[in-house]
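1. fold the following for me, if possible:
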Amino acid sequence: MRGPNRGRVRMPVGNFLGPDELALCDEILRRALAHVSEVTPGLIPQQLGAATESARAAIIDNPALQWSPGEPAINSYRTGGEFLPHEDKQRLT
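-> Predicted structure coming up:
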């Protein structure tokens, strides 16, 4: 594989995960947001604004949140794969 995706497999969660796995993914994302809130108070409300409260209950199917095309996704990296700096016009990556 050549180009910017060399060594990476990208899996949009809505295409590859079933309901139980999506629920687990949502729980992991909610825990990550809670942790960020603990270590950096004020960051989540600053970035999510009005969606902050609803994000505590659901993230993946939350209509108040916007995702880049193909997101949320799980990236799996192989030897030689990397996460390059990028801009997707979203506040959190």
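
2. what residues are up against Ala57?
-> With contact set as Cβ atoms under 8 Å, 6 or more residues apart in numbering, Ala57 has these partners: Arg30. Yep, even glycine has a C-beta here, placed from its N, CA and C like the rest.

3. ignore what I typed, I meant Ser54.
-> Counting by Cβ under 8 Å, 6+ apart, Ser54 makes contact with 62, 64.

4. that one: which element?
-> For Ser54, the host element (DSSP states H and E) is helix 52-55.

5. kindly report the same for Ala23.
-> According to DSSP H and E, Ala23 maps onto helix 19-39.

6. Ile44 contacts Leu33, correct?
-> Yes - using Cβ atoms under 8 Å, Ile44 makes contact with Leu33 at a distance of 5.8 Å.

7. any common contacting residues for these two?
-> By Cβ under 8 Å, 6+ apart, Ile44 and Leu33 have these common neighbours: Ala55.

8. hmm, back to that, which outside residues touch the helix holding Ala23?
-> Against helix 19-39 from outside (Cβ under 8 Å, 6+ apart): 13-14, 17, 43-44, 55-61, 72, 74.

9. kindly export it (C-alpha atoms) in CSV.
-> In CSV, the C-alpha atoms belonging to helix 19-39 read as follows (Å, rounded to 0.1, in the frame of the first residue of the first chain):
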residue,chain,number,x,y,z
PRO,A,19,-24.9,-2.8,18.5
ASP,A,20,-23.0,-4.3,21.5
GLU,A,21,-19.7,-3.1,20.1
LEU,A,22,-21.0,0.3,19.4
ALA,A,23,-22.3,0.6,22.9
LEU,A,24,-18.8,-0.4,24.2
CYS,A,25,-17.2,2.1,21.9
ASP,A,26,-19.5,4.8,23.1
GLU,A,27,-18.7,3.9,26.7
ILE,A,28,-15.0,4.2,26.0
LEU,A,29,-15.4,7.6,24.4
ARG,A,30,-17.6,8.8,27.3
ARG,A,31,-14.9,7.7,29.8
ALA,A,32,-12.2,9.5,27.8
LEU,A,33,-14.2,12.7,27.9
ALA,A,34,-14.7,12.3,31.6
HIS,A,35,-11.0,11.8,32.1
VAL,A,36,-10.2,14.9,29.9
SER,A,37,-12.7,16.9,32.1
GLU,A,38,-10.9,15.8,35.2
VAL,A,39,-7.4,16.6,34.1
